[in-house]
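**Q** please find the sequence and the predicted model below.
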Amino acid sequence: MNQTNKVTDNSSEQMQMDAGKVKQEAGNTEEKTQTQNKNNALGALPAKAPLANAYVPYQQPDSDQYEPKFGFIRGTLFPGLDLPFMGLVNTTEKNQPINELQALNFAISELGLYLDTHYNDVEALDLFNTYQKLYQEGVNTYQKLYGPLSLQAVGTDGAYDWLKDPWPWDYNQTVEVSE
Amino acid sequence: MFVYEKKLQYPVKIKNTNPKLAALIISQYGGPDGELGASLRYLSQRYSMPFPELKGLLTDIGTEELGHLEMIGTIVHQLTRELTEKQLKDGNFAPYFIDHTVGVYPTAASGSPWNAAGMAVKGDPIADLAENMAAEQKARVTYDNILRLSDDPDVNDVIKFLREREIVHFQRFGEAMQILREKLNQKNVYFMNPAMDL
């Protein structure tokens, strides 16, 4: 992870433009890039691993990351973990308003799991906090336009609008909004 | 406690109904390596986990699996809406239809209803984390198998997402095993059960 991965408040357009690209650190050295590429595929194991233990290499703390919208359709933020079956991959990003929220929510969950096992990674924590802020803003905007996402958000405009269709499993679930 | 969010983790929008495919995908709802078993496995194991990293990881992955359960239920529901008489009589779907109509019921594709025998809570952190790593691999293979049998792009879009999550979860459980091991007796990690003897 690196400086340029950090997303600022007004960067959703930027995120869209950069979606799918693994961003390189601004002003990085060739040496640094090589290290990062290597770290994407390789993790760390104890130098002398004791017998009779199951080992998964530890993911390196400076792993590259996808932007949330691209990571969302791939199912992971981390290129090193993106290991598709028979080359079958999703390539079309999802751009409905709910998808933007889902992608940020996904980035938070994914980084949350990462931080559960890498709690000292301050750069990942910074990024986690940035996505949290963007998500909260996104939720507020979405709920004003399309209704509450949780029972706790019901009634803020004086009406019981929790029952309003669509529900998430309905086929006509997406509130279609022309872009 | 749990709070419901009125959205899926990942969008499911399936244009074409296909009860045959629904009768296969139901396995990830209530089959031996499905999402119901996954969420119950992790959310139940966490009570005997000794360290905050392990309690947190099991809570977070278990919660995500509940979201996956909802996505699988949604796929089955959308594949079985507005069925024609011909589709109802389809040999592959008819047995499910007789018992559950177009409701979503936790059963394996092979017919056995969901059973806690398909998951384990051993109450020993090393054993439980090893169980979870195996469980993620088995779920990954089930999704591989669905991708082999399904040619519906709307379904496969979601299945690819769910399959990749299994790989990420496997990685995290492996790291959790390492975190646990570093806290145990370095000469013999099997010296005692850290769920009881710490």
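**A** Ah, there it is.

**Q** starting at the chain centroid, how far to the helix ranked longest in chain B?
**A** Assignment by DSSP state H gives helix B:153-182 as the longest helix of chain B. Helix B:153-182 sits 11 Å away from the centroid of its parent chain (Cα atoms, centre = their mean, to the nearest Å).

**Q** what packs against it?
**A** For helix B:153-182, the helices and strands in contact under the criterion 3 or more Cβ pairs under 8 Å, 6 or more residues apart in numbering or on different chains; DSSP states H and E are helix A:68-74, helix A:97-117, helix B:52-79, helix B:125-149. Yep, even glycine has a C-beta here, placed from its N, CA and C like the rest.

**Q** need the ones you listed in JSON lines (columns: distance to A:Tyr55, mean neighbour count and mean pLDDT).
**A** Converted to JSON lines, these look like this (distance: least, Cβ to Cβ, whole Å; neighbours: other Cβ atoms under 10 Å in any protein chain shown; pLDDT from 0 to 100):
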{"stretch": "helix A:68-74", "distance to A:Tyr55": "26", "mean neighbour count": "24", "mean pLDDT": "98"}
{"stretch": "helix A:97-117", "distance to A:Tyr55": "14", "mean neighbour count": "22", "mean pLDDT": "98"}
{"stretch": "helix B:52-79", "distance to A:Tyr55": "17", "mean neighbour count": "21", "mean pLDDT": "98"}
{"stretch": "helix B:125-149", "distance to A:Tyr55": "11", "mean neighbour count": "20", "mean pLDDT": "98"}
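
**Q** can I get the ones you listed in JSON lines with distance to B:Lys6?
**A** Listed next are the helices and strands packed on helix B:153-182 as JSON lines, based on distance: least, Cβ to Cβ, whole Å:
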{"stretch": "helix A:68-74", "distance to B:Lys6": "19"}
{"stretch": "helix A:97-117", "distance to B:Lys6": "10"}
{"stretch": "helix B:52-79", "distance to B:Lys6": "11"}
{"stretch": "helix B:125-149", "distance to B:Lys6": "26"}
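
**Q** would you mind telling me which of those helices is nearest A:Ala153?
**A** For A:Ala153, the closest of those is helix A:97-117, at 13.0 Å, according to Cβ to Cβ.

**Q** next structured bit after that closest one?
**A** Next helix or strand after helix A:97-117 toward the C-terminus (DSSP states H and E): helix A:122-146.

**Q** is that next one in proximity to chain B?
**A** No: remark: helix A:122-146 sits outside contact range of chain B, by Cβ under 8 Å from any Cβ of the partner chain, the gap being at least 9.1 Å.

**Q** tell me which element the closest residue to chain B within chain A is part of?
**A** Proximity of chain A to chain B (Cβ to the nearest Cβ) peaks at A:Val56, 2.3 Å away. Secondary structure from DSSP H and E places A:Val56 outside every helix and strand.

**Q** give the contact list for it.
**A** Contact analysis of A:Val56 by Cβ atoms under 8 Å, 6 or more residues apart in numbering or on different chains lists A:43, B:133, B:170-171, B:173-175, B:177-178.

**Q** so which bits of stretch B:41-49 are buried?
**A** B:41-46, B:48-49 (16 or more other Cβ atoms under 10 Å in any protein chain shown).

**Q** spatially central, which residue of chain B would that be?
**A** B:Glu35 (2.1 Å; Cα atoms, centre = their mean).

**Q** that one and B:Thr74, how far apart?
**A** According to Cβ to Cβ, to the nearest Å, B:Glu35 and B:Thr74 sit 12 Å apart.

**Q** residues near the residue in chain B positioned nearest to chain A, how many?
**A** Scanning chain B for the residue nearest chain A gives B:Gly174, at 2.3 Å (criterion: Cβ to the nearest Cβ). Neighbourhood size, B:Gly174 [other Cβ atoms under 10 Å in any protein chain shown]: 22.

**Q** list the residues that contact the closest residue to A:Ala44 other than its chain neighbours.
**A** Spatial nearest neighbour of A:Ala44, excluding adjacent residues (Cβ to Cβ, 6 or more residues apart in numbering or on different chains): A:Tyr58 at 4.5 Å. The contact partners of A:Tyr58, taken as Cβ under 8 Å, 6+ apart, are A:43-45, A:117, B:175, B:178.

**Q** now for those: which two are most distant?
**A** Once Cβ to Cβ is applied, these give A:Leu45 and A:Thr117 as the farthest pair, at 14.7 Å.

**Q** which pLDDT value goes with residue 49?
**A** In the absence of a named chain, chain A is used. If you check A:Ala49, the pLDDT there is 85.

**Q** sorry, I should have been clearer: chain B.
**A** Listed pLDDT for B:Met49 reads 98.

**Q** just for chain A, where's the confidence low?
**A** A:1-39, A:173-179 (pLDDT under 70).

**Q** same thing with chain B?
**A** Using pLDDT under 70, nothing in chain B is flagged.

**Q** follow-up on the earlier one: got the buried residues for the longest helix of chain B?
**A** B:154-181.
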